[in-house]
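> quick one: sequence plus predicted model below, questions after.
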Amino acid sequence: MQRYWEHPEYSLDDPLRSYHPHTQSVMMDRTTFETFQNYAVSGARNKSQNLNLLSKEENDLFQYLKALEKNRLEQEKIPQMYVDRCLKNRIES
């Protein structure tokens, strides 16, 4: 399944954590968004005000993205080296 990195994705992570609280996001952080912001496109607006099961960092970014016109990051354009490094860091943490 192709997933786009965007603020509506957080609305998928929130209920997932109600069943699997150990779920962790990967590359759904402000550093990734700002690093690859040139791959951002306009996306649908999420009307949720707050998603209670997000971490503070995730919720802060969710709120930030709601204010942006280009709030959807096309993950398939992120270089594989970056993806590999993020996954390796997540596994080792």
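Looks like it arrived, so ask away. Computed from a prediction, not measured in an experiment: that's the story for all the values here.
> tell me where the model's unsure across the chain.
For the chain, applying pLDDT under 70 flags the ranges 1-15, 46-50.
> the most centrally placed residue in it and K88, how far apart?
Residue closest to the average C-alpha location in the chain (Cα atoms, centre = their mean): M28, at 2.8 Å. Computed as Cβ to Cβ, to the nearest Å, the M28 to K88 distance reads 17 Å. To be clear about C-beta, it is placed using only N, CA and C from the backbone, and glycine gets the same treatment.
> T23 now?
Relative to K88, and taking Cβ to Cβ, T23 is found at 19 Å.
> same thing with K70?
Distance of K70 to K88, computed by Cβ to Cβ: 29 Å.
> got it, and H20?
H20 is 22 Å from K88, by Cβ to Cβ.
> over to F33?
Taken as Cβ to Cβ, the span from F33 to K88 is 20 Å.
> compare these two (neighbour count), which wins?
F33 (21 against 10; other Cβ atoms under 10 Å).
> what's near enough to touch that one?
Going by Cβ atoms under 8 Å, 6 or more residues apart in numbering, F33 touches W5, A40, L61, L65, L73.
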